[in-house]
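[1] Okay, here's the prediction I keep looking at, along with the sequence it came from:
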Amino acid sequence: VPRMIYNIPTHQNPTGHTMSIEERWRMAQLARKFGILVAADEVYHLLDWRDDANDPKRPARFSVVDQIVASTTTATTFRGGDGNFGCCVSVSSFTKIFTPGVRLGWVEGPTEIIQSLVDLGYIQSQGGCAPFVGEIVRTAIEGGWQEQILQKLTSSFRDRCRILCDILQSEPGIRIKNRPLGGYFVWVDFLGLPQSDNGQDSASAFAAYCLDRGVKIMPGSRCDSVLKHCESSRQPQDLCFQSARLCFADMDAKDVEEGAKALVEYYREYTSKAGGKKIGTTTDEQGDNNLVMAARRVVENNEDVVVLMPSYDERSPASFCVLEVASLPNHSLIFPGSFNPPHEGHIALANASLRTLDRHNVKLGNNVERPIVFFELSLMNADKPSVDPKTVANRVEKFLSLSDLPGRWGVILTRAPLFAEKLICLQDCISSAEPKMVNFAIGTDTLVRILNPKYYGDQEEKNG
């Protein structure tokens with residue numbers, strides 16, 4: 001049993017994760033039962049911009065949860081069997097919510113813990129840890145300045161975080177699993193980063209590539225506390241090798257926007273260069289290339305969605321990168337079809353859809369760019385056998401020879417022949433704090449099928 005547990009329960013560094021009230025309650029119970037001191041670093045707790053009407057409520061501080069657990073438990077002491085303290089304390093700082101450099105904070109916890117701190121000699125003799133700074137902060141609190149500063153910080157951080165996430169989520173190869181509702185940080189997965197040739201993990205090599213071009217990110221391996229002890233922790237050594245921590249708190253909104261756009265550009269360059277050398281020639285034991293293997297994931301392995309992104313050789317698409325995990329930006333524009341074969345008419349319809357959005361000044365969600373176009377090919381058919389993986393690969397590869405392709409596009413392979421099914425599986429691939437939206441562009445032949453009772457006899461399903 002550990003003597004102490006240190007955690008950052010709210011808007012955690014580096015992932016931005018917030019522990020639920022159920023998780024806090026369980027940890028507080030275990031702390032009292034086994035005599036463990038839980039030190040909760042809650043410096044980001046007040047940097048919270050959640051919308052009370054739409055977002056879940058912010059969980060209580062650990063010290064508050066501990067008080068409630070203590071009042072409902074049958075135990076009469078918070079000492080464990082070996083005499084160790086068993087309780088939770090919350091540690092906070094004005095550095096995050098007032099101004100950087102103010103090395104002053106506060107501790108909340110059981111009376112016995114607080115009194116033991118008050119009785120320390122250097123606090124008794126000096127009038128506190130930092131009496132001069134403490135007087136400045138006390139004046140700011142009494143005058144209402146601290147509250148005003150906190151409101152400005154949370155409003156500014158919310159806007160910067162939204163800008164950063166919106167831009168990053170326009171690239172399907174960049175995945176944000178947890179869109180923050182507070183704090184300083186966003187945890188990002190970069191799908192498909194190639195292995196480094198110099199011994200670095202993939203994210204560290206990509207971070208070095210970005211730094212050479214003026215963008216700084218923290219590779220995930222730098223944030224992994226058990227990287228050297230992965231076997232005893234039962235954690236995969238490469239758990240964070242495709243991830244990075246991004247901080248939006250130390251720059252203004254314009255810098256965040258420029259940096260995010262540059263990061264997306266560098267990610268596309270980096271993966272495209274790797275893809276031009278390797279992806280097009282990847283084969284399995286049967287000699288099938290990566291497109292055939294991607295189709296098999298749908299037909300044989302029952303994956304609902306596989307996403308293919310083009311890799312460019314100079315200005316022309318040369319091959320496809322197959323994302324390991326299907327990820328789509330919110331408000332993507334989906335063009336379904338059999339594409340047997342894909343032709344210029346398909347591309348013209350996709351571009352016409354984009355021009356229509358431009359002409360009517362339609363903004364899909366918070367996207368700062370045109371939506372990305374995905375040509376969706378269902379390998380399952382409502383009234384025909386499934387499409388052979390090699391046939392799928394031949395159809396998809398023909399996209400590379402077409403001209404006037406949209407500026408940002410990709411191909412999706414699915415198991416969804418009907419639109420109600422497409423909607424469900426595609427929404428499952430979207431990670432967004434906003435409502436998940438999928439937009440379809442269809443031709444007249446598809447419209448005729450939608451109106452055919454043979455396929456959509458259920459009115460509710462048709463309207464879904």
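    Everything's here; your move. Numbering: from 1, shown residues only.
[2] What is the neighbour count of residue 214?
    10 (other Cβ atoms under 10 Å). C-beta: built from backbone N, CA, C; applies to glycine.
[3] nope, residue 222 is what I was after
    16.
[4] and it, that's in a helix?
    Yes - applying DSSP: H, G, I helix; E, B strand; the rest coil, one finds residue 222 inside a helix.
[5] Name all residues that make contact with it.
    204, 245 (Cβ atoms under 8 Å, 6 or more residues apart in numbering).
[6] Check residue 130 too.
    Counting by Cβ under 8 Å, 6+ apart, residue 130 has contacts 103-104.
[7] Not counting residues beside it along the chain, what's closest to residue 244?
    The shortest distance from residue 244 to any non-neighbouring residue, by Cβ to Cβ, 6 or more residues apart in numbering, is to residue 217 (4.5 Å).
[8] Next one: that neighbour from residue 325, what distance?
    20 Å (Cβ to Cβ, to the nearest Å).
[9] ok, the nearest residue to residue 415 once chain neighbours are set aside to residue 425 distance?
    Computed as Cβ to Cβ, 6+ apart, the closest residue to residue 415 that is not its neighbour in sequence is residue 380, at 4.9 Å. Plainly put, residue 380 is 11 Å away from residue 425 if you go by Cβ to Cβ.
[10] anything in contact with each of the two?
    414-416.
[11] So which of those wins on neighbours?
    So for the shared contacts of residue 380 and residue 425 (other Cβ under 10 Å), the most neighbours sit at residue 414, 24 neighbours.
[12] Can you verify my assumption that residue 242 contacts residue 190?
    Yes - at 5.6 Å, residue 242 counts as touching residue 190 under the criterion of Cβ atoms under 8 Å.
[13] Give the residue from the two that has the larger number of neighbours.
    residue 190 (25 against 21).
[14] Verify the contact between the more buried one and residue 201 for me.
    No - taking contacts as Cβ under 8 Å, residue 190 lies outside contact range of residue 201: 11.5 Å.
[15] In contact with the residue nearest to residue 244, which residues?
    188, 207, 210, 244-246, 263.
[16] Over to residue 273?
    Residue 273 touches nothing, counting by Cβ under 8 Å, 6+ apart.
[17] I'd like the next helix or strand past the strand or helix carrying it.
    According to DSSP states H and E, residue 273 maps onto helix 253-278. Next in sequence after helix 253-278, counting helices and strands by DSSP H and E, comes helix 290-299.
[18] what packs against the following helix or strand past that following helix?
    Remark: after helix 290-299, the chain's next helix or strand is strand 305-313, criterion DSSP H and E. Judged by 3 or more Cβ pairs under 8 Å, 6 or more residues apart in numbering; DSSP states H and E, strand 305-313 is in contact with helix 253-278, helix 290-299, strand 316-322, strand 409-414.
[19] which stretch among the ones you listed comes nearest residue 102?
    helix 253-278 (23.7 Å; Cβ to Cβ).
[20] where does the stretch 1-150 of the chain have low pLDDT?
    73-84, 126-127 (pLDDT under 70).
[21] For residue 356, pull up the helix or strand it's in.
    helix 344-359.
[22] could you give the angle of the next helix-or-strand element following that helix to strand 305-313?
    Following helix 344-359 in sequence order, the next helix or strand is strand 373-378 (DSSP H and E). Interaxial angle of strand 373-378 relative to strand 305-313 (axes from the mean of the first three to the mean of the last three Cα atoms, to 10 degrees): 130 degrees.
[23] Now do the phi/psi pair for residue 422.
    Backbone torsions of residue 422, given as degrees, to the nearest 10, read phi -60, psi -50.
[24] give the contact list for it.
    Residue 422 neighbours (Cβ under 8 Å, 6+ apart): 334, 336, 376, 378, 414, 416, 438, 440.
[25] now for the residues you listed, which pair is the farthest apart?
    Across those, the longest distance by Cβ to Cβ is 14.2 Å; it joins 378 and 438.
[26] picking that back up, surely the residue nearest to residue 415 meets residue 416?
    Yes - the pair residue 380 / residue 416 is scored as a contact, 7.2 Å apart, by Cβ under 8 Å.
[27] Got the confidence number for the residue nearest the centre of the chain?
    Nearest to the mean C-alpha position of the chain, counting by Cα atoms, centre = their mean, stands residue 176 at 1.3 Å. Note for residue 176: predicted pLDDT of 86.
[28] ok, it touching residue 430?
    No - the pair residue 176 and residue 430 does not pass the contact test of Cβ under 8 Å, sitting 10.7 Å apart.
[29] quick one: the strands in the chain?
    For the chain, strands defined by DSSP state E occupy the ranges 4-7, 37-41, 87-93, 105-108, 174-175, 185-190, 218-219, 243-247, 305-313, 316-322, 332-336, 373-378, 409-414, 438-440.
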